[in-house]
Each structure stands twice: as C-alpha cells, then as structure tokens.
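Visitor: show me the folded form of this:
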Amino acid sequence: LEVVESGGGLAQPGGSLKLSCAASGFNFDDYTIGWFRQVAGKEHEGVSCIRSSDSTTYYVDSVRGRFTISRDNAKNTVYLQMDSLKPEDTGVYYCAVDRTTAQTVCQSPRRYLGVWGQGTRVTVSA
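Guide: Below you'll find the predicted structure:
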C-alpha cells in the first residue's frame with residue numbers, strides 16, 4: 001500500500017494549487033483517502049477526506065468553501081483543489097488511507113503516526 005503526494009509549491013494569497021495523491025498496491029475503491037497538513041512544531045491536521053465507496057466528503061471548517069476534494073478511480077488518484085489560499089494554509093500536505101468514514105479519517109490523524117510519506121510542501125506567501 002503506497003501513496004505519493006505531489007503538486008505543492010509557492011502560491012500568493014488568493015491563489016490556487018492542486019495537489020495529487022497517487023495510490024497503488026490496494027483496491028482504491030474500498031478505501032477512504034484523506035489529506036492532512038502539518039505546520040512545523042504542530043500535530044498533523046485533517047484537511048479533507050473522501051470515501052470512495054459512496055463519495056462522502058469531509059472538510060475541516062477552515063477550508064470549507066475554498067478547497068475541493070475529488071477522486072479519479074481510473075487513475076487511483078485523489079486530488080485536492082485549493083483556491084483562495086491563505087498564508088495559514090502553509091504546511092506540508094500528506095495523504096493517508098483507511099477503511100473508515102471520511103470524518104473519522106480526517107479527525108484521527110494520530111491513527112497514521114509512523115506511516116506518513118514524504119508529503120508535498122505548500123507555501124502561501126506574497
């Protein structure tokens with residue numbers, strides 16, 4: 001089971017970025033994929049999650065209305081479209097995989113301690 005994050009970079013406040021989480025080694029349709037972010041010195045925070053079986057989604061309040069999570073089952077990839085970016089969106093973004101609901105995945109970052117990948121860095125700055 002492997003996930004690879006990409007798409008991070010530098011954006012200005014108000015700008016956009018699109019992150020990708022490419023998955024392999026498991027049946028993509030059976031799992032929930034979640035996006036998390038970490039700021040140095042702080043714990044991982046669940047940002048948005050999507051359950052493949054019924055497409056239910058979850059967003060943390062701080063990104064709702066600005067970020068959109070989606071998936072492409074044919075490509076085994078989950079995307080996070082980030083619009084209206086703010087400096088507080090800065091961090092390293094990671095994805096994680098689980099079999100439970102989207103809300104549970106996003107609200108349980110400690111479940112994935114020890115399995116985080118390399119992530120992709122997002123910097124929002126003028």
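Visitor: find the centremost residue of this structure, please.
Guide: Most central in the chain under CA atoms, centre = their mean is Trp35, positioned 1.7 Å from the mean C-alpha point.
Visitor: partners of whatever helix or strand that one lives in, with directions?
Guide: Take DSSP states H and E as the rule and Trp35 turns out to sit in strand 32-38. Strand pairing for strand 32-38, using DSSP bridges, gives strand 45-51 (antiparallel), strand 91-98 (antiparallel).
Visitor: the residue lying closest to Gly8 once chain neighbours are set aside: neighbour count?
Guide: Excluding the flanking residues, the one nearest Gly8 by CB to CB, 6 or more residues apart in numbering is Thr120, at 3.4 Å. The C-beta positions use only the backbone N, C-alpha and C, and glycine is treated the same way. Using other CB atoms under 10 Å, Thr120 is surrounded by 21 other residues.
Visitor: quick one: residues contacting Thr120.
Guide: 5-8, 19, 92-93 (CB atoms under 8 Å, 6 or more residues apart in numbering).
Visitor: tell me what it is bridged to.
Guide: The partner residues for Thr120, given DSSP bridges, come to Tyr93.
Visitor: can you read off the pLDDT for it?
Guide: With respect to pLDDT, Thr120 scores 97.
Visitor: please report how far it lies from Gln103.
Guide: From Thr120 across to Gln103, the span is 23 Å (CB to CB, to the nearest Å).
Visitor: sort out which of the contacts of Thr120 are in strands and list them.
Guide: 5-6, 19, 92-93 (DSSP state E).
Visitor: quick check: the farthest pair among these?
Guide: Farthest-apart pair in those is Ser6 and Val92; separation 12.4 Å (CB to CB).
Visitor: more neighbours: these two, which one.
Guide: The neighbour comparison of Ser6 against Val92 (other CB under 10 Å) goes to Val92, with 19 against 15.
Visitor: I figured that one hits Lys42, correct?
Guide: No - in this structure Val92 lies outside contact range of Lys42 using CB atoms under 8 Å: 10.9 Å.
Visitor: before we move on, back to that, and Ser84, which of the strands paired with strand 32-38 is closest to it?
Guide: Distance to Ser84, taken as CB to CB, is lowest for strand 45-51 among the strands paired with strand 32-38, at 14.2 Å.
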